[in-house]
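# whatever this is, show me its structure:
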Amino acid sequence: MSSIDLAALDPRSRYKLLCAVVIPRPIAWVTTESKSGIVNAAPYSFFNVFGQDPALIVLGLENREGGEPKDTTRNIRDTGEFVVNILTPDLAAPMVETAAPYPADIGEPDTLGLSLAASARVAPPRLAAAPVALECRKMVSLSFSAERELLVGEALHLHARDGLIDEDTLRVEWGDDLPLARLFADRYARLVETDRHTIPDPRTKAGSDAV
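Take a look at the predicted model:
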């Protein structure tokens, strides 16, 4: 069995190794807006939901070498607002295109022809093609190095495509069109739902064993 001292690896090798073993990861296709009104879109796979009271969203933001913030980080620092768009496999190609290093004065949605839709509670718009969008407000940001920042935000409002959520029960039915997942490097995955497994009640098991 392989045994690797992570602290002995250089940061780039450590990044590649961790991203290759912690899979699949959800993708946050984040839209932000600069102080001058330029809308930015960029994908982040260091992302997840971390609570419900308040509704917490966590993003792992990476700065450029030397600590210069990327557009998403800078815009959130300036405005405190962002939108997490969840994407399905049909949106993989435009999502990857938004990861290219465009200059700060170039908005990816405008350049790539991505339709936007107005948000309800924050200024940055959402991506109209995304089946789910979460409007978020920055709560706290933690800096661990010149290149790595952890952002905790509160999800304020949710948009979903018609038919995805039963508004009476809040049951979500993705069907076969589950969100796209990140593997590593330039590899992605389509998710397939497996058999359902109900968490057992230990009290019931103990009772049956006693009988």
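# could I get the buried residue list for the host helix or strand of residue 73?
Here residue 73, judged by DSSP states H and E, is contained in helix 71-79. Applying a neighbour-count criterion of 16 or more other Cβ atoms under 10 Å, one finds 71-76, 79 buried in helix 71-79. From N, CA and C alone the C-beta is placed, and that goes for glycine too.
# try stretch 136-146
Buried, per 16+ other Cβ under 10 Å, within stretch 136-146: 136-138, 141.
# tabulate those (CSV), appending distance to residue 102, secondary structure and pLDDT.
Formatted as CSV, the buried residues of stretch 136-146 follow (distance: Cβ to Cβ, whole Å; DSSP: H, G, I helix; E, B strand; the rest coil; pLDDT from 0 to 100):
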residue, distance to residue 102, secondary structure, pLDDT
136, 22, strand, 98
137, 25, strand, 98
138, 23, strand, 98
141, 23, strand, 96
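# which of those residues sits closest to residue 167?
Closest to residue 167 out of the buried residues of stretch 136-146 is residue 136 (21.1 Å), distances taken as Cβ to Cβ.
# check which residues of the helix ranked longest in the chain are buried.
Taking DSSP state H as the criterion, the chain has its longest helix at helix 11-21. Neighbour counts over helix 11-21 (16+ other Cβ under 10 Å) mark residue 19 as buried.
# same thing with stretch 19-34?
19, 24-34.
# need the nearest residue in space to residue 78, chain neighbours excluded.
residue 35 (5.2 Å; Cβ to Cβ, 6 or more residues apart in numbering).
# on that earlier part again, quick one: average pLDDT of the longest helix of the chain?
For helix 11-21, the mean pLDDT works out to 95.
# can I get the CA coordinates of that helix in PDB?
Extracted in PDB, the C-alpha atoms of helix 11-21 (Å, rounded to 0.1, in the frame of the first residue of the first chain):
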ATOM      1  CA  PRO A  11       2.400  22.400  -3.200                       C
ATOM      2  CA  ARG A  12       1.700  21.700  -6.900                       C
ATOM      3  CA  SER A  13       2.300  17.900  -6.500                       C
ATOM      4  CA  ARG A  14       0.200  17.900  -3.300                       C
ATOM      5  CA  TYR A  15      -2.600  19.700  -5.200                       C
ATOM      6  CA  LYS A  16      -2.600  17.300  -8.100                       C
ATOM      7  CA  LEU A  17      -2.600  14.200  -5.800                       C
ATOM      8  CA  LEU A  18      -5.400  15.400  -3.500                       C
ATOM      9  CA  CYS A  19      -7.600  16.400  -6.500                       C
ATOM     10  CA  ALA A  20      -7.100  13.000  -8.000                       C
ATOM     11  CA  VAL A  21      -8.100  11.000  -4.900                       C
END
